[in-house]
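>>> let's see this in three dimensions:
(4 chains)
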Amino acid sequence: MIDVRIQAERFDSAALLAALEADGVGAIASFTGLVRSDVGVTAIELEHYPAMTQASLQALATEAQSRWNLPGAIIVHRVGKMMVGEPIVFVAAASPHRAEALAACAFLIDRLKTDAPFWKKEYRGESAAWVEAKASDNARAANWD
Amino acid sequence: MIDVRIQAERFDSAALLAALEADGVGAIASFTGLVRSDVGVTAIELEHYPAMTQASLQALATEAQSRWNLPGAIIVHRVGKMMVGEPIVFVAAASPHRAEALAACAFLIDRLKTDAPFWKKEYRGESAAWVEAKASDNARAANWD
Amino acid sequence: MIQIVYFARVREAIGVDGEQVEVEAGSSIATLIDRLAQESDRHSAAFQDRSKLRFAVDQKMVGADTLLDNAKELAIFPPVTGG
Amino acid sequence: MIQIVYFARVREAIGVDGEQVEVEAGSSIATLIDRLAQESDRHSAAFQDRSKLRFAVDQKMVGADTLLDNAKELAIFPPVTGG
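From the prediction side, this is the model:
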């Protein structure tokens, strides 16, 4: 089962996790990325490339399934404006084995950061600024090459 | 926030995750271990060492917090009998940074497997057998030394 | 003719979501960008730091030396920052 | 006197959850186990494969060469298999 969604609405990581748990696998690893409250940011806005986004996340999940024994993979990414504390992205990997679920989950979020066409703008009160890509993100993603 | 629980009752990973998400951090990684349905097992039973279990899981969470920037850590482990498909264990790590949340989550479950006083018995219909410890689990845990 | 689409900082610098442009036979993305940068100040500003530009041709990420023959859509954007 | 507690396969082999035993001064866990194994068939069977025994003294995991002076509780069990 691959479940890939791009949506403006807030998602329920809990319900997504529950769906994977119902699948009969032994191990589920998940990652949630949220708008941090500790850096003066009041809101963020996610722009994306609609014609490409779904296919690029689908390709990511498919590549994960080709690398690991992964009956289930979920990627949900929001677009549009989000307030502090709200979840932005959720990825999860379900496998018969713990090591594979953990690795696949890290792979999905590391590669999403460098391969999927999303751009983040941070609001600090009235001022807004595009987020710069981080060299450390490229380094982490390259570990999976 | 460290939340460590040992309980017979089924837990709600969803609600546990939601509690961490309310904490204002940027990244949450979680792992759920469930009774697998694909190996002939119909149920399992978890025995533990009550006088030691809580302290050993607490020590694990505290060690994780000494290694990573980890405002939140959850470990929930069930004891007693569980049917196929039911969750056994849930660990989660909340950090400002993705890499730390992912590493801490893997650390918590890897070390729990070798350091916490739980013993698993598998039921296959009428027959029951204690699970043997795996060398691969020791190897994974040793990676964190 | 090729449809160009812009995103994020590049889109804001150029001031439009996209545009249709002529492409000479044998043109690479780099060639086309050089030409557009000469034709308008906005393109020149948007494309100033080439190391901060990324490209997709027909929704696949590609390098700047990719030829545009047969391409329908070229996307130009900064390094991605999702997740 | 020390309180011994048994778990899992070891508990089932010995047939009791725990027992109180005398410990000679200077005894290590290994010494005590050797003595108990000589005193009963059940202990002998439970302790047969020493490589499959793990120990905790007063709820801390320790090695077989640990001395039992001042110890209140000794736990003897197989390698753990939780998670």
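
>>> can you name the residue of chain C nearest chain D?
Chain D sits closest to residue C:83 of chain C, with a gap of 28.3 Å, by CB to the nearest CB. Any C-beta I mention is one placed from the backbone N, CA and C, and that applies to glycine too.

>>> residues near the closest residue to that residue other than its chain neighbours, how many?
When the adjacent residues along the chain are set aside, residue C:83 lies closest to residue A:113, with 4.2 Å between them (CB to CB, 6 or more residues apart in numbering or on different chains). A count of neighbours around residue A:113, defined by other CB atoms under 10 Å in any protein chain shown, yields 23.

>>> any idea how far residue A:50 is from residue A:113?
19 Å (CB to CB, to the nearest Å).

>>> helices and strands of chain A: which one has the lowest mean pLDDT?
Least confident helix or strand of chain A, by mean pLDDT, DSSP states H and E, is helix A:13-21 with a mean of 85.

>>> any idea how far the nearest residue to residue C:69 once chain neighbours are set aside is from residue C:3?
Counting by CB to CB, 6+ apart, residue C:25 is the residue found nearest to residue C:69 once chain neighbours are left out, at 6.7 Å. Residue C:25 sits at a distance of 18 Å from residue C:3 (criterion: CB to CB).

>>> tell me which of those two has more neighbours.
Neighbours were counted for residue C:25 and for residue C:3 using other CB under 10 Å; residue C:3 has more, 14 against 7.

>>> how close does the more buried one sit to residue B:70?
Residue C:3 is 47 Å from residue B:70, by CB to CB.

>>> for the closest residue to chain C within chain A, grab the count of nearby residues.
Nearest residue of chain A to chain C: residue A:118, at 2.5 Å (CB to the nearest CB). The number of residues packed near residue A:118 is 26, by other CB under 10 Å.

>>> tell me if I'm right that it and residue C:80 touch.
Yes. Between residue A:118 and residue C:80 there is a contact under CB atoms under 8 Å: 5.7 Å.

>>> rewinding a little: identify the residues contacting the residue nearest to residue C:83.
By CB atoms under 8 Å, 6 or more residues apart in numbering or on different chains, residue A:113 lies in contact with A:137, A:140, A:141, C:80, C:81, C:82, C:83.

>>> please render those residues as a markdown table that adds distance to residue C:70 to the earlier fields.
Formatted as a markdown table, the contacts of residue A:113 follow (distance: CB to CB, whole Å):
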| residue | distance to residue C:70 |
| --- | --- |
| A:137 | 32 |
| A:140 | 35 |
| A:141 | 29 |
| C:80 | 25 |
| C:81 | 30 |
| C:82 | 29 |
| C:83 | 32 |
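
>>> out of the residues you listed, which sit inside helices?
A:137, A:140, A:141 (DSSP state H).

>>> so what's the first one closest to, chain neighbours aside?
Distance criterion CB to CB, 6+ apart; nearest residue to residue A:137, sequence neighbours excluded, is residue A:113 at 4.7 Å.

>>> mind listing what residue A:23 touches?
A:1, A:71, A:72, A:94.

>>> give me the element it is part of.
Per DSSP states H and E: residue A:23 is located in neither a helix nor a strand.

>>> cool, and residue C:26?
Assigned by DSSP H and E, residue C:26 falls within no helix or strand.

>>> now residue A:45
strand A:43-48.

>>> does that strand come close to chain C?
Yes. Against chain C, strand A:43-48 shows contacts by CB under 8 Å from any CB of the partner chain at A:46, A:47, A:48.

>>> quick one on the thing from earlier: next, see if the helix or strand following the least confident helix or strand of chain A gets close to chain D.
With elements assigned by DSSP H and E, the helix or strand that comes after helix A:13-21 is strand A:27-34. No. Judged by CB under 8 Å from any CB, strand A:27-34 and chain D are separated, with a smallest distance of 9.6 Å.

>>> list the helices and strands strand A:27-34 packs on?
With contacts taken as 3 or more CB pairs under 8 Å, 6 or more residues apart in numbering or on different chains; DSSP states H and E, strand A:27-34 sits against helix A:13-21, strand A:87-95, helix A:98-115, helix B:13-21, strand B:27-34, helix B:98-115.

>>> all the helices of chain C, in order from the start?
Under DSSP H, chain C gives helices at C:8-14, C:29-39, C:41-46.

>>> most tightly packed of the ones you listed?
Highest mean neighbour count among these (mean count of other CB atoms under 10 Å in any protein chain shown): helix C:8-14, with a mean of 19.

>>> ok, it near chain A or not?
Yes. On the criterion CB under 8 Å from any CB, helix C:8-14 is in touch with chain A at C:8, C:9, C:11.

>>> near chain B, which residues of chain A?
Applying CB under 8 Å from any CB, we find that chain A lies next to chain B at A:12-15, A:17-18, A:21-22, A:24-38, A:84-85, A:87, A:96, A:98-99, A:101-102, A:105-106, A:109, A:136, A:140.

>>> many thanks, I have nothing further to ask.
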